[in-house]
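[1] Pasted the sequence and its predicted model underneath.
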Amino acid sequence: MDHAELTTEQVLKRDIPWEQYMTTKLITGTCLQLLRRYDKRSETYRSQLLDDDGPAYVQMFVGILRDIFKEETVEYVLALVDELLTANPKRARLFHDTSLVDKDVYEPFLRLLWKGNWFIQEKSCKILGLIVSARTKPQGTVANGEASNSKSKITTIDDVLKGLVEWLCAQLKKPSHPSRGIPTAISCLATLLKEPVVRSSFVQADGVKLLVPLISPASTQQSMQLLYETCLCVWLLSYYEPAIEYLATSRTLPRLIEVIRSSTKEKVVRVVVLTLRNLLSKGTFGAQMVDLGLPQIVQSLKAQAWSDEDLLEGLNQLEESLKDNIKKLSSFDKYKQEVLLGHLDWSPMHKDAIFWRENITNFEENDFQILRVLITILDTSSDPRALAVACFDISQFVQHHPAGRIIVTDLKAKERVMKLMNHENAEVTKNALLCIQRLFLGAKYASFLQA
């Protein structure tokens, strides 16, 4: 049997020789009694046993995993623990019972993450995630693994969380299972990133960049769930300043916006909208969102019939914040962003004579960087609208800058514009012609050539 394809049901059909383990003193007589009561019984019966004496069974399972290394037995006990937690996730609290405060309930699962086959790794990850999440956060009292006066070294919660993050990052880089490794890691992260220490460890492990490739529109149910949980991770990280720095220097924002542009799944759209709302006020995110067309996308989303109140509220807040952000941006800042991203369109400033008069000297920044980018767009863009606007803007520069004609000619723009006079698009040829006329006639006659 391929361990990667083992199921809990298949594993639980095994008969484990518990009596032999007692004979070889790997388990105690008490442990054997508990196993005889529990193993191969109905769910209702086992449920009653756990209600009556849950911590004793937890201690028994942890003890077996600590002392017995035979793979089939380890798989079996993990399957039993997974089964009891799947039936009722609240049972994870049993691992934090006060009677177990000096027991190292984490160590076997943490060790098995690295030592076992895929079935063992996956179950250990799932179980650890549930146990960690179920603990009571310490407020003066001692919780399992938090602190102890025990002389033996007990795995602390920080040890567990850091070890888990290390394993999860390893899965994202090189999954142990081709189809389940990454979804398992992301699902666990979506729960654990609520913990401040996990956010810190994840950022220090350079984990943020591992999430970015997973943010892309989904087609199947499985990929939709993976996308949702990935976006949930990014949302949790958007509350943590060091993570925001990583998000700002990656392609996270364009990918998030592409997801909400194309997704119809309400829970995915909601978590992305709430993430964008968190990021909008940070650094240059607001300006980038405007440049990437988010205001128009929000308008489109608001017109759809969503039932989720958090989503509707998030869209309203995002819309208002974007409006405020647009007001704060100077007109030249907005123009600069538009040109640098190559997203040229007929926004009002292009044909606004006041804009050109007031900002013409700004074009001299960084050795005429913006003008050079406009000229590059003539060579590289296949979008007729961008080509037309670039030609028009170059003609505006020629008209309004005292040395515009000389500068544009020196930058070899004339040849590029002339090529576009034969373009198949009428809007491109019209503005290319206007630009050439201004270049040949100069600013003195510009007033006769207004489009």
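    Good, I have the coordinates.

[2] Please identify the helix or strand for the residue nearest to residue 133 when sequence neighbours are not counted.
    Using Cβ to Cβ, 6 or more residues apart in numbering and skipping the chain neighbours, the partner closest in space to residue 133 is residue 191 (5.6 Å). From N, CA and C alone the C-beta is placed, and that goes for glycine too. Following DSSP states H and E, one finds residue 191 within helix 181-192.

[3] Can you give the distance from that helix to the centre of its chain?
    Helix 181-192 sits 11 Å away from the centroid of its parent chain (Cα atoms, centre = their mean, to the nearest Å).

[4] For the remainder of this discussion, apply numbering that starts at 594.
    All set: I'll call the first residue 594, so the last point we hit is now helix 774-785.

[5] So the residue nearest the centre of the chain versus residue 904, what's the distance?
    Nearest to the geometric centre of the chain sits residue 827, at 3.5 Å (Cα atoms, centre = their mean). To residue 904, residue 827 is 16 Å away according to Cβ to Cβ, to the nearest Å.

[6] just for the stretch 594-743 of the chain, where's the confidence low?
    Flagging of the stretch 594-743 of the chain using pLDDT under 70 yields the residue ranges 594-597, 730-743.

[7] what stretches of the stretch 794-943 of the chain score poorly on pLDDT?
    923.

[8] Helices of that one, residue ranges please.
    All helices of the stretch 794-943 of the chain, identified by DSSP state H, counting those that start in this stretch, fall at 801-804, 814-830, 834-841, 845-855, 859-872, 878-884, 887-895, 902-921, 924-934.

[9] Identify the residues contacting the longest one?
    So that's helix 902-921. 859, 862-863, 866-867, 869-870, 873-874, 879-880, 882-883, 887-888, 891-892, 894-895, 899, 927 (Cβ atoms under 8 Å, 6 or more residues apart in numbering).

[10] and if you look at the fifth one?
    Helix 859-872 is contacted by residues 811, 817, 820-821, 824-825, 827-828, 831-832, 837, 840, 846, 849-850, 852-853, 856, 878, 882, 887, 894, 899-901, 903-904, 907-908, 910-911, 914 when judged by Cβ under 8 Å, 6+ apart.

[11] Next, the buried residues of that helix.
    By neighbour count on 16 or more other Cβ atoms under 10 Å, the buried set for helix 859-872 is 860-872.

[12] swap in the last one?
    Buried residues in helix 924-934, counting neighbours by 16+ other Cβ under 10 Å, are found at 925, 927-932.

[13] Relative to residue 621, which of these is nearest.
    residue 930 (70.0 Å; Cβ to Cβ).

[14] Quick check: closest non-adjacent residue to the closest one.
    Residue 930 sits nearest to residue 884 (Cβ to Cβ, 6+ apart), 4.4 Å away.

[15] show me the contacts for the one you found.
    So residue 884 contacts 930-931, 934, 936 (Cβ under 8 Å, 6+ apart).

[16] would you turn these into a markdown table with distance to residue 642?
    Below are the contacts of residue 884 laid out as a markdown table (distance: Cβ to Cβ, whole Å):
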| residue | distance to residue 642 |
| --- | --- |
| 930 | 65 |
| 931 | 68 |
| 934 | 63 |
| 936 | 64 |
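
[17] coming back round to it: pull out the buried residues from the contacts of helix 859-872.
    811, 817, 820-821, 824-825, 827-828, 831, 837, 840, 846, 849-850, 852-853, 856, 878, 882, 887, 894, 899, 904, 907-908, 911, 914.

[18] Ramachandran angles for residue 975?
    The phi and psi values for residue 975, taken as degrees, to the nearest 10, are phi -110, psi 0.

[19] cool, residue 876 as well?
    phi 50, psi -130.

[20] now it: how far from residue 903?
    Residue 876 is 25 Å from residue 903, by Cβ to Cβ.

[21] Ramachandran coordinates for residue 662?
    Note on residue 662: its backbone torsions stand at phi -110, psi 0 [degrees, to the nearest 10].

[22] ok, now residue 812?
    phi -120, psi -40.

[23] What separation is there between it and residue 1034?
    Relative to residue 1034, residue 812 is positioned 55 Å away (Cβ to Cβ).

[24] who's more crowded, these two?
    Between residue 812 and residue 1034, counted using other Cβ atoms under 10 Å, the more crowded position is residue 1034 (14 against 9).

[25] Per-residue pLDDT of the more buried one, please?
    Looking at residue 1034, its pLDDT reads 78.

[26] Can you get me a residue count around the residue lying closest to residue 892 once chain neighbours are set aside?
    The spatial neighbour of residue 892 that comes closest, neighbours along the chain excluded (Cβ to Cβ, 6+ apart), is residue 912 at 7.5 Å. Residue neighbour count, defined by other Cβ under 10 Å, stands at 16 for residue 912.

[27] ditto for residue 664
    14.

[28] so who does it touch?
    For residue 664, the contacting residues are 709-710, 713, by Cβ under 8 Å, 6+ apart.

[29] With secondary structure, distance to residue 956 and neighbour count as new columns, can these be given to me in CSV?
    Below are those laid out as CSV (DSSP: H, G, I helix; E, B strand; the rest coil; distance: Cβ to Cβ, whole Å; neighbours: other Cβ atoms under 10 Å):
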residue, secondary structure, distance to residue 956, neighbour count
709, coil, 63, 20
710, coil, 63, 17
713, helix, 64, 21
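
[30] nearest to residue 980, of those?
    Ranked by distance to residue 980 (Cβ to Cβ), these are led by residue 710 at 57.8 Å.

[31] my read: residue 754 touches residue 791, true?
    Yes - taking Cβ atoms under 8 Å as the definition, residue 754 is a contact partner of residue 791 at 5.3 Å.

[32] between those two, what contacts are shared?
    Overlap of the contact sets of residue 754 and residue 791 (by Cβ under 8 Å, 6+ apart) consists of residue 785.

[33] Out of the helices of the stretch 794-943 of the chain, which is closest to residue 652?
    Evaluated over those, closeness to residue 652 peaks at helix 814-830, with 32.4 Å, by Cβ to Cβ.

[34] elements contacting the closest one?
    Helix 814-830 sits against helix 774-785, helix 789-797, helix 801-804, helix 834-841, helix 845-855, helix 859-872, with contacts defined as 3 or more Cβ pairs under 8 Å, 6 or more residues apart in numbering; DSSP states H and E.
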